[in-house]
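> Got a predicted structure plus its sequence, pasted below:
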Amino acid sequence: MATLVAENLTFAYTEKSKPALNKVSVEIKPGTLTALVGPNGAGKSTLLRILQGQNTPDKGEIKIDGENLYRSRALVALMPQRSSMNWKFPITVEKLVSLGQIKYSKSRSNNPFQIKALLEYPNSWINKCCELEATMQRVGIANLANRRLDSLSGGQQQRALLAKTLMSPAKIFLLDEPCAALDPPAKEDFLKIVRQLADAGLSLLVSSHDWGESLNNYDQVIVLDKSVLAVGSPDQIKDKLDAINISSIKENNFCD
Amino acid sequence: MSFINNNWWLVPLIITIFSGILCPAMGTVLITHKRLLQVNLISHCVLPGLALALALGIHPSIGGVISGLLGAVIAESLTNRKSENYEAVMNTILAGMLGFGVLIIPLLGIRIDLEAVLFGDLLTANFGDLLRTIIAFLVFILLMTFGYEKVVYVGLDPEGASASGINVSLLNLALSFTTALVIVSSMSAVGVILVIALLSTPTLLGLNKAHSLRIAMMRSSFFGLCISLLGFILSIVFNLSPGPAISVICVASLLIPKLSQIIKS
């Protein structure tokens, strides 16, 4: 189990540009499923990349169980957006998922014993999570193991990508718009899987444009638009809806 | 040695075989990494390096590789691949470097057989050309032996690869260097301009339904070898220029999938 705490994160892509994030503070508790919602350009992907250690914030700090992120970076895994993947690459689903185990970083947290630590979880299927076949079975793609990636549907591709992310020995998983471009049944199916992962003890932060009923699947909702506008349970956020300055979300029909 | 001297076709034939295997394998990596435009860039950028190296008394291949690599690095540093200006910047540098090469040849007072450099002159290839091809072949084998997993990861998911600790910039530089080597090595076979055909056409055939990069490379190399050998034989039989002959066969081979579809139906 691991808790991620980020405090007062401020980040701008260049010195002259406006901050993409301004004094953002978030906390991801163990075994929780958190939604990160906000309009386009709110800084969701930027925040996820910073929380994973790919970008360094100009100000603020990130700690995992009290330890600096850069000392335990492998405890955090990021599932990238669909658009960053080359889906035409000649590779099978099984090979893609196995790439999730690869860690070339020489950071302390790259220690393969992280896998051993994960195996200490009591839930039996998490024990198998580090194993390729069990992971693919868990996300429902075991029967697709030998299929080429570009022969899969959008939903199957997302599940394969999730399986690859789960193969890492991380304890906190950041999913960048995993439901984008999925049809409603595939989306529902995907959210069911991540709900089960959270129930089994993993911490997940899922960015989304969705401002609708699907938020009820989450334990916590963070509303972001450069800075954190609100944090709370889905019901609390819905109550605060009118008070939150989310005009851009409303204008873009993200409201139900 | 006397056997080789008496059989003028032997060295060109060995170069044909090596280039026929190497270029499509390299092309498979570049196409799957969406870096084919860079081949065009590097192939046009080698000319000023060749000219300067000749003027300085250095082996022209070394100059060609350096200037090809330099062009790729300049293009990468001026833009990034997600930028909408990427292709325009690449093409500007491509044209600028080629123009620079053509300009400095008379200024340096050197003689270069431009036609041979650009379109190849396989039948007059010598041991130096063969050695160059073998070096490029070995460098490619080394890259694939020690970096295959990384090449796959970066081609599939550059962000994920970077997050896993892979130095993506260094790997891309290694790919650019190997590409420059392959292009310069194929100078005698098909020339630095027509090499684009041998890098891309067999790959289109080899990539079809391949389940891994390795299989795609092997298939592409097989098709490339067949095309190169056919071009070599036709150029001897009909007294044609091998580089253009291989390029034309490449275009004709694009019809193979269509023909197989017709036969199947």
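Looks like it arrived, so ask away.
> Let me see the ranges of the helices in chain B.
Under the criterion DSSP state H, chain B carries helices at the ranges B:2-6, B:10-32, B:36-56, B:60-78, B:86-108, B:114-119, B:127-156, B:158-163, B:168-185, B:191-207, B:213-237, B:242-253, B:255-264.
> Now render those helices as a markdown table, adding mean pLDDT and distance to A:Thr56.
All C-beta atoms are positioned from the backbone trio N, CA, C, and that covers glycine. Below are the helices of chain B laid out as a markdown table (pLDDT from 0 to 100; distance: least, CB to CB, whole Å):
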| stretch | mean pLDDT | distance to A:Thr56 |
| --- | --- | --- |
| helix B:2-6 | 65 | 59 |
| helix B:10-32 | 93 | 31 |
| helix B:36-56 | 88 | 29 |
| helix B:60-78 | 86 | 21 |
| helix B:86-108 | 89 | 26 |
| helix B:114-119 | 77 | 46 |
| helix B:127-156 | 92 | 22 |
| helix B:158-163 | 84 | 14 |
| helix B:168-185 | 90 | 17 |
| helix B:191-207 | 87 | 38 |
| helix B:213-237 | 94 | 32 |
| helix B:242-253 | 87 | 47 |
| helix B:255-264 | 81 | 48 |
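> next one: phi and psi at A:Gly140?
Dihedral angles of A:Gly140 (phi, psi; degrees, to the nearest 10) stand at phi 80, psi 40.
> wait, doesn't it sit right on A:Ile193?
Yes - using CB atoms under 8 Å, A:Gly140 is in contact with A:Ile193, at 7.3 Å.
> joint contacts of those two?
Listed as contacting both A:Gly140 and A:Ile193 by CB atoms under 8 Å, 6 or more residues apart in numbering or on different chains are A:Arg159.
> can you pull the contacts of the residue nearest to B:Phe223 when sequence neighbours are not counted?
Once flanking residues are discounted, B:Phe223 sits nearest to B:Pro202: 3.9 Å by CB to CB, 6 or more residues apart in numbering or on different chains. By CB under 8 Å, 6+ apart, the contact list for B:Pro202 reads B:Cys23, B:Pro24, B:Gly27, B:Ser220, B:Ser221, B:Phe222, B:Phe223, B:Gly224, B:Ile227, B:Cys250, B:Ser253.
> what do you get for A:Lys240?
The contact partners of A:Lys240, by CB under 8 Å, 6+ apart, come to A:Ala230, A:Gly232.
> where does the stretch 151-256 of chain A have low pLDDT?
Filtered on pLDDT under 70, the stretch 151-256 of chain A yields the residue ranges A:213-214, A:241-256.
> Chain B contacts on that one?
The stretch 151-256 of chain A has residues A:Lys164 near chain B, with proximity defined as CB under 8 Å from any CB of the partner chain.
> Where does the stretch 151-256 of chain A get nearest to chain B, which residue?
Using CB to the nearest CB, the closest approach of the stretch 151-256 of chain A to chain B is made by A:Lys164 at 7.7 Å.
> Isn't that residue up against A:Lys95?
No - using CB under 8 Å, A:Lys164 is not in contact with A:Lys95; the gap is 9.7 Å.
> So for those two, which residue has more residues nearby?
Taking neighbours as other CB atoms under 10 Å in any protein chain shown, A:Lys164 and A:Lys95 compare with A:Lys164 leading, 27 against 22.
> And that one, which helix or strand is it part of?
Element membership for A:Lys164 (DSSP states H and E) is helix A:154-166.
> neighbours around the closest residue to B:Leu98 other than its chain neighbours, how many?
Closest residue in space to B:Leu98, ignoring its immediate chain neighbours: B:His44 at 4.4 Å, by CB to CB, 6+ apart. The number of residues packed near B:His44 is 24, by other CB under 10 Å.
> and the stretch 151-265 of chain B, which of its residues are near chain A?
Residues of the stretch 151-265 of chain B lying near chain A (CB under 8 Å from any CB): B:152-153, B:155-160, B:162-166, B:207, B:209-213, B:215-216.
> check contacts around the nearest residue to B:Met187 once chain neighbours are set aside.
Closest residue to B:Met187 in three dimensions, ignoring its sequence neighbours and counting by CB to CB, 6+ apart: B:Val117, at 6.1 Å. In this structure, B:Val117 makes contact with B:Leu47, B:Leu50, B:Met187, B:Gly191, B:Val192, judged by CB under 8 Å, 6+ apart.
> Now these in CSV, please, with extra columns for neighbour count.
Below are these laid out as CSV (neighbours: other CB atoms under 10 Å in any protein chain shown):
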residue, neighbour count
B:Leu47, 27
B:Leu50, 27
B:Met187, 30
B:Gly191, 27
B:Val192, 25
